[in-house]
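**Student:** 3D, please:
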Amino acid sequence: MIGRNIVHAPLAYAKPRFAVLKSILNRGAVAAVFIALLATPAAHAQSQFLAAQNTLIVRNDPGGVVGTRAQEIATLREQGIRVELRGEVCLSSCTMYLGLSRTCVFRGTTFGFHGPSYYGAKLSDAEFEYWSQVIAVNYPAQLRDWYMKTARYKINGYYRVKGAELIRMGVPECQKA
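**Tutor:** Residues are numbered from 1 along each chain as shown. Next up is the predicted model:
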């Protein structure tokens with residue numbers, strides 16, 4: 001069934017981050033606001049929305065449900081929000097931010113790529129193709145090609161890529177904080 005939520009991370013969030021972000025954006029926050037990201041048992045995502053700069057700073061994001069992340073990205077695109085991917089890691093569905101035109105990366109951040117699954121379980125061929133496309137459409141061309149040829153076939157673990165390599169592939173580098 002293609003409509004089920006597909007997880008692009010080892011664990012799913014207890015509450016969709018998209019709803020929290022949309023709520024903040026709809027309130028028209030004026031000062032710096034921390035987005036309340038609910039923890040997965042394994043890790044915590046640390047994001048901060050800076051309304052004055054119209055910027056979302058993402059740090060140490062372990063990923064989450066692909067459909068939810070795709071909705072969040074659509075909202076960010078619609079609102080013209082700039083996204084800075086900083087911190088030690090941006091894993092799994094966090095990498096989908098790379099397709100936003102106003103995204104930059106920190107060269108020391110490690111990005112983890114893998115294919116879609118249903119909480120680690122293999123998908124049908126149709127589901128695998130569908131969700132791979134949902135993920136890949138959010139990547140710049142060179143990264144998208146690599147993902148579709150290689151990375152999507154890794155279901156357990158990650159292909160790890162440093163921000164410096166993504167910068168060499170044309171992803172903009174964030175200025176030092």
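**Student:** From here on, just use CA atoms for contacts and neighbour counts.
**Tutor:** Noted.
**Student:** Could you identify the longest helix within the protein?
**Tutor:** Assignment by DSSP state H gives helix 66-79 as the longest helix of the chain.
**Student:** Please identify the buried residues of that one?
**Tutor:** Residues of helix 66-79 classed as buried under the neighbour-count rule (16 or more other C-alpha atoms under 10 Å) are Val66, Gly67, Thr68, Arg69, Ala70, Gln71, Glu72, Ile73, Thr75, Leu76, Arg77.
**Student:** any idea how far Leu98 is from the last one?
**Tutor:** Meaning Arg77. Distance, Arg77 to Leu98, using C-alpha to C-alpha, to the nearest Å: 12 Å.
**Student:** ranges for the strands of this protein?
**Tutor:** 32-34, 46-50, 55-61, 82-91, 103-105, 110-113, 159-162 (DSSP state E).
**Student:** Ala136: which of those is closest?
**Tutor:** Across these, Ala136 has its closest neighbour in strand 110-113 (10.6 Å, C-alpha to C-alpha).
**Student:** Pick out the residue nearest the middle of this protein.
**Tutor:** Cys94 (1.9 Å; C-alpha atoms, centre = their mean).
**Student:** pLDDT wise, what is that one at?
**Tutor:** pLDDT for Cys94: 97.
**Student:** do you know how far it is from Arg168?
**Tutor:** Applying C-alpha to C-alpha to Cys94 and Arg168 gives a distance of 19 Å.
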